[in-house]
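Chemist: sequence unknown, structure follows:
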């Protein structure tokens, strides 16, 4: 499966670190699973509801998947859906749009 973009949901602290370093190495759940979790546009609302319910200050980074190449694998996850998983770090240069949710 291919898509042009995917979305990474970050907390405000994770976003600040990402901006400072220019690379995102992953959230604790990403480290535990061995890849950076991302979602398609269609999966985003459910991902936020399931994993970030009630949290404020979220940042949704839209990522250009073409810049990540073969480091992105589409793998079956929640409900049999294919999700984009990034095996490596996420460079700020791949982020094409940011939405802040307070």
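Modeler: Cool, the structure landed. The structure displayed is predicted, hence computed values, not measured ones. Residues are numbered from 1 along each chain as shown.
Chemist: Break down the chain into its strands, ranges please.
Modeler: According to DSSP state E, the chain carries its strands in the segments 5-10, 23-24, 36-37, 58-64, 72-76, 82-86, 90-91, 95-101.
Chemist: can you redo those strands as a markdown table with distance to residue 47, mean pLDDT and mean neighbour count?
Modeler: In this view, the C-beta of every residue, glycine as well, is placed from N, C-alpha and C. Shown next, in a markdown table, are these (distance: least, C-beta to C-beta, whole Å; pLDDT from 0 to 100; neighbours: other C-beta atoms under 10 Å):
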| stretch | distance to residue 47 | mean pLDDT | mean neighbour count |
| --- | --- | --- | --- |
| strand 5-10 | 6 | 97 | 22 |
| strand 23-24 | 16 | 98 | 18 |
| strand 36-37 | 8 | 98 | 22 |
| strand 58-64 | 10 | 97 | 19 |
| strand 72-76 | 15 | 95 | 14 |
| strand 82-86 | 9 | 97 | 20 |
| strand 90-91 | 16 | 98 | 20 |
| strand 95-101 | 13 | 95 | 12 |
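Chemist: Using JSON lines, lay out those strands together with distance to residue 30.
Modeler: Output for these, formatted as JSON lines (distance: least, C-beta to C-beta, whole Å):
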{"stretch": "strand 5-10", "distance to residue 30": "9"}
{"stretch": "strand 23-24", "distance to residue 30": "9"}
{"stretch": "strand 36-37", "distance to residue 30": "5"}
{"stretch": "strand 58-64", "distance to residue 30": "13"}
{"stretch": "strand 72-76", "distance to residue 30": "13"}
{"stretch": "strand 82-86", "distance to residue 30": "8"}
{"stretch": "strand 90-91", "distance to residue 30": "9"}
{"stretch": "strand 95-101", "distance to residue 30": "16"}
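Chemist: tell me the contacts of the most centrally placed residue in the chain?
Modeler: The residue lying closest to the centre of the chain (C-alpha atoms, centre = their mean) is residue 8, at 2.0 Å. By C-beta atoms under 8 Å, 6 or more residues apart in numbering, the contact list for residue 8 reads 24, 36-39, 60-61, 63, 90.
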